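**Q** any chance you can model this:
(one chain, ligands or ions: 2)
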Amino acid sequence: MAAHHAPTMAVPTDAQLIQAQADLWRHSLCYFTPMALRCAVQLGIPTAIHRLGGTASLSDLVTALSLPPSKTPYLGRIMRLLVTSGVLASHKEGIYSLVPLSYLLVDGVFIDGEASQVAIVIAATSRHYLDAALGLADWFKKDVAHPLPAPFEDVHGVMILEESMALLDPEADKVIHEALAAHDHMGIGTILRECHDLFKGLDSLTDCCGGDGTTARAIVQAFPHIKIHVLDLPKVIEKAPPSDAVNYVAGDLFHSIPAAQAVMLKLVLHFWSDEDCINILSHCKKAIPSREAGGKLIIIDIVVDPSSSGPLLETQLLMDVLMLTCTRGRQRDENDWSSIFIKAGFSDYKIIKMLGARGVIEVYP
Ligand SMILES: C[S@@+](CC[C@H](N)C(=O)[O-])C[C@H]1O[C@@H](n2cnc3c(N)ncnc32)[C@H](O)[C@@H]1O
Ligand SMILES: COc1c(-c2ccc(O)c(O)c2)oc2cc(O)cc(O)c2c1=O
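**A** Ligands and ions are numbered 1, 2, ... in the order given. I've put the predicted structure just below:
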């Protein structure tokens with residue numbers, strides 16, 4: 001006879017049902033917020049508000065953006081959603097202004113030498129990402145052999161950031177690379193200001209997977225005596241802007257990492273599986289001297305704080321599901337980090353600072 005289990009939850013009250021229905025609508029429809037954001041960015045609304053002196057009415061925007069005046073009330077409805085979700089501000093009815101988030105979406109605004117973050121919005125709301133996310137349930141049902149392809153690969157037949165993506169859809173590939181650069185480049189200025197001691201006393205540093213050297217050039221500008229090697233794939237190094245300040249090395253981090261007093265992995269490990277990370281970290285260990293000689297790894301990556309709550313944790317978890325959907329990597333909490341450091345042969349680590357969703361970690365041999 002089947003066992004009867006007591007219901008785990010009492011039947012909701014009418015008040016709870018009314019609230020639950022509203023919450024369900026919000027959870028099912030909240031994807032319209034990024035869609036409204038995409039629409040605003042594609043129309044150029046943040047740039048128009050900035051050029052209009054920081055505030056704009058609906059009719060100012062319609063004129064500045066050459067939209068048909070008949071669309072004014074519809075634009076007002078999109079703007080209302082963007083104000084409610086904190087993307088724009090409206091201190092006076094019908095007058096809109098920028099907040100720091102929308103300031104990041106103004107054309108021609110440079111923060112720490114980096115251009116706007118528009119590409120992040122365009123890539124994250126693009127058909128390729130949405131198709132991959134729509135394929136999640138099918139992906140879960142498939143029992144695929146190791147290495148497990150990400151849903152993005154499952155749906156599109158190529159891994160994100162893989163060269164063949166450019167053959168499949170050159171425009172999408174360009175947007176994804178621009179999003180990667182926008183995501184990764186922003187923040188080195190803050191790191192240099194907030195974690196000055198991180199690089200103090202170093203005579204050499206390898207920026208492992210340092211891309212086109214943007215981060216390395218910022219570090220060497222602040223610490224001119226540090227000799228910096230930038231390791232990345234040959235196709236990336238070939239296109240890097242020439243610089244006397246950094247030594248570009250075309251190679252593969254799974255094979256060899258240029259020796260230095262410290263090796264930095266900034267926004268690299270979240271792309272890779274635990275197994276790959278342990279392999280990468282073991283190579284890094286061979287590239288640095290002992291702790292006594294000042295050897296260390298510098299890891300800048302998300303450190304999920306499961307004990308926190310609110311928008312920061314939600315951001316970290318959304319970034320984790322982005323990684324699940326598009327890569328073979330994941331975002332890690334302190335226990336996850338500690339476990340891969342130990343498995344790669346390191347003796348100790350210290351989380352130097354949390355900068356928003358990201359953490360700055362020193363790892364010692
Ligand atoms: C997420 S980006 C790193 C961002 C960069 N550290 C920064 O802070 O701007 C990842 C980089 O890893 C590089 N990469 C991927 N596979 C690699 C490999 N096997 N060896 C070396 N570099 C690799 C990519 O070309 C890309 O530039
Ligand atoms: C291109 O992928 C996107 C990343 C990303 C992927 C892999 C990495 O190793 C990274 O360091 C970054 O990150 C973001 C972050 C966003 O907020 C929005 C995005 O669209 C993306 C990417 O598309």
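**Q** got a list of what residue 181 touches?
**A** Residues in contact with residue 181, defined by CB atoms under 8 Å, 6 or more residues apart in numbering, are 119, 211-212, 214. C-beta coordinates here come from the backbone N, C-alpha and C atoms, glycine included.
**Q** can you flag the buried ones in the residues you listed?
**A** Among these, those that count as buried by neighbour count (16 or more other CB atoms under 10 Å) are 119, 211-212, 214.
**Q** ok, so of the contacts of residue 181, who is nearest ligand 2?
**A** Using CB to the nearest ligand atom, the shortest approach to ligand 2 within these belongs to residue 119, at 7.7 Å.
**Q** so which elements touch the helix or strand harbouring residue 137?
**A** Secondary-structure assignment from DSSP states H and E places residue 137 in helix 136-141. The contact analysis (3 or more CB pairs under 8 Å, 6 or more residues apart in numbering; DSSP states H and E) places helix 136-141 against helix 151-156.
**Q** who's in contact with the helix it packs on?
**A** With contacts defined as CB under 8 Å, 6+ apart, helix 151-156 is touched by 128-129, 131-136, 138-139, 142, 159-160, 165, 168, 324-327.
**Q** by contact count, what packs against the helix or strand containing residue 277?
**A** Secondary structure here is read from DSSP H and E; on that basis residue 277 sits in helix 274-287. Secondary-structure packing of helix 274-287 (3+ CB pairs under 8 Å, 6+ apart): strand 204-208, strand 262-266, strand 296-304, helix 334-343.
**Q** what is the mean pLDDT for the third one?
**A** Rounded to a whole number, the mean pLDDT of strand 296-304 is 97.
**Q** buried residues in the helix holding residue 277?
**A** For helix 274-287, burial by neighbour count (16+ other CB under 10 Å) applies to 274, 276-278, 280-281, 283-285, 287.
**Q** same check, this time on stretch 152-167
**A** Along stretch 152-167, these residues count as buried under the neighbour rule (16+ other CB under 10 Å): 152-156, 158-160, 165-166.
**Q** and for stretch 130-146?
**A** 130, 132-133, 135, 139.
**Q** export these to TSV and append columns for pLDDT.
**A** Putting the buried residues of stretch 130-146 into TSV (pLDDT from 0 to 100) gives the following:
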residue	pLDDT
130	97
132	96
133	97
135	95
139	95
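**Q** would you check how far apart residue 132 and ligand 2 are?
**A** Distance from residue 132 to ligand 2, counting by CB to the nearest ligand atom, to the nearest Å: 11 Å.
**Q** quick check: closest non-adjacent residue to that residue.
**A** For residue 132, ignoring the flanking residues on the chain, the nearest one in space by CB to CB, 6 or more residues apart in numbering is residue 152 at 4.0 Å.
**Q** and that neighbour, what pLDDT?
**A** Reading off the per-residue confidence, residue 152 sits at a pLDDT of 95.
**Q** same deal with residue 183?
**A** According to the predicted model, the pLDDT of residue 183 comes to 86.
**Q** after the strand or helix carrying it, next one along is what?
**A** In this structure, residue 183 sits in helix 170-185 according to DSSP H and E. Sequence-wise, the next helix or strand beyond helix 170-185 is helix 188-194, with elements assigned using DSSP H and E.
**Q** same for that next one, what does it pack against?
**A** When contacts are defined as 3+ CB pairs under 8 Å, 6+ apart, helix 188-194 packs onto helix 214-222, strand 348-355.
**Q** make it 6 Å
**A** helix 214-222 (3 or more CB pairs under 6 Å, 6 or more residues apart in numbering; DSSP states H and E).
**Q** touching ligand 1 at all, the helix it packs on?
**A** Yes: looking at helix 214-222 against ligand 1 by CB under 6 Å from any ligand atom, the contacts come from 214-215.
**Q** part of a helix, is residue 361?
**A** No: counting by DSSP: H, G, I helix; E, B strand; the rest coil, residue 361 is located in no helix; its state is strand.
**Q** wait, it touches residue 350, no?
**A** No: taking CB atoms under 6 Å as the contact criterion, residue 361 and residue 350 are not neighbours in contact, 7.0 Å apart.
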